[in-house]
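J.: Turn this into a model:
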Amino acid sequence: MSAKSTFFEVVDLHVSVEGKKILNGLSLKINPGEIHAVMGPNGSGKSTLSYAVMGHPRYIVESGDILLQGESLLTLKPNERAIKGLFLGFQYPVAVPGVSIVNFLRTAMKNRRGTDVNLKDFRKELKENMKVLKMDSAFANRYLNEGFSGGEKKRLEILQMALLQPVMAILDETDSGLDIDALRIVADGINRLSSPDRGILMITHYQRLLDYVKPGFVHVLSGGRIVRSGGADLALELENKGYEWITGPVAMGAS
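T.: As a prediction, the model looks like this:
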């Protein structure tokens, strides 16, 4: 099997959370340079997919596999998956009082790269990327996500992605809680980070993010599995018709 065909692949994934089955045989393949979007109603399993891929201990993989560059991730801890080049942008980033952004980012970069990061080079790289995201330089000295607005949290997620340079990025509802100006800035950051060597998976409810970041592939998730795939026009169709024309009535309650 070629490296390209196994760049990132979710294979017949079954996942439960606290004894409740959420994902029911989900399969997905992403090649380098591709941007995919996963859409679906509340309770369809979108966030469960992101957490299971990243290795959250509450999300139990009952069967199936998750492959990155041909290697199964199932036995790896979340930090080990991150070192391999997997990145997750959270829907609700948590605050970590007492930990400054600058120290957090430099430590994360050291772990990702496997070597210490020269302070001068780090500050230059940090400053350049903050400028792109229209973040004030003083922002770096604040505590991680403490007292941040929704837009500030999501810009910080994209800043992390820019500095860590993952091979596969999963963005879980990055557009959640953003006003139109913040959405444009975050979307511009995602577009800048798209690369022939990187895969991107965006999880979203709405079309509006996809107006700015154009996916090559759109998948509809329902009942813990992908029930329809298509191009960017599928997202437009969902915007006009809603989900029920594909999924039928959907039971709520999954996350």
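
J.: Number of residues surrounding Lys20?
T.: Lys20 has 11 neighbours, counted by other C-beta atoms under 10 Å. Any C-beta I mention is one placed from the backbone N, CA and C, and that applies to glycine too.

J.: tell me which residues form a beta bridge with it?
T.: Counting by DSSP bridges, Lys20 is bridged to Val17.

J.: what about it, distance to Leu76?
T.: Computed as C-beta to C-beta, to the nearest Å, the Lys20 to Leu76 distance reads 24 Å.

J.: ditto for Tyr243
T.: With C-beta to C-beta as the criterion, Tyr243 and Leu76 are 33 Å apart.

J.: of the two, who's got more company?
T.: It is Tyr243, of Tyr243 and Leu76, that has more neighbours when counted by other C-beta under 10 Å, with 21 against 17.

J.: Chain neighbours aside, what residue packs nearest to the more buried one?
T.: Residue nearest to Tyr243 in three dimensions, not counting chain neighbours: Pro41, with 4.8 Å by C-beta to C-beta, 6 or more residues apart in numbering.

J.: just checking, that neighbour is part of a helix?
T.: No: Pro41 is assigned coil when assessed by DSSP: H, G, I helix; E, B strand; the rest coil, not a helix.

J.: Okay, and the closest residue to Tyr143 other than its chain neighbours sits in which element?
T.: Nearest residue to Tyr143, sequence neighbours excluded (C-beta to C-beta, 6+ apart): Pro97, at 5.2 Å. Here Pro97, judged by DSSP states H and E, is contained in strand 96-100.

J.: That strand: how far from the chain's middle?
T.: 23 Å (C-alpha atoms, centre = their mean, to the nearest Å).

J.: which residues sit in contact with Leu164?
T.: Leu164 is in contact with Ala82, Phe87, Ala108, Met109, Arg112, counting by C-beta atoms under 8 Å, 6 or more residues apart in numbering.

J.: My guess is the fourth one contacts Val117. True?
T.: Yes: in this structure, Met109 sits in contact with Val117. The criterion is C-beta atoms under 8 Å, and the distance is 4.9 Å.

J.: show me the contacts for Leu23.
T.: Leu13, His14, Val15, Gly45, Thr48, Leu49, Ala52, Gly224, Arg225.

J.: May I see the buried residues of the helix or strand hosting Leu23?
T.: For Leu23, the host element (DSSP H and E) is strand 20-30. Residues of strand 20-30 classed as buried under the neighbour-count rule (16 or more other C-beta atoms under 10 Å) are Ile22, Leu23, Leu26, Leu28, Lys29, Ile30.

J.: Put the alpha carbons of the lowest-mean-pLDDT helix or strand in the chain into CSV.
T.: One helix or strand of the chain scores below all others by mean pLDDT, DSSP states H and E: helix 244-247, with a mean of 74. Output of helix 244-247 as CSV, limited to C-alpha atoms (Å, rounded to 0.1, in the frame of the first residue of the first chain):
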residue,chain,number,x,y,z
GLU,A,244,-33.2,15.6,6.9
TRP,A,245,-33.4,15.2,3.1
ILE,A,246,-30.3,13.0,3.5
THR,A,247,-30.4,11.7,7.1
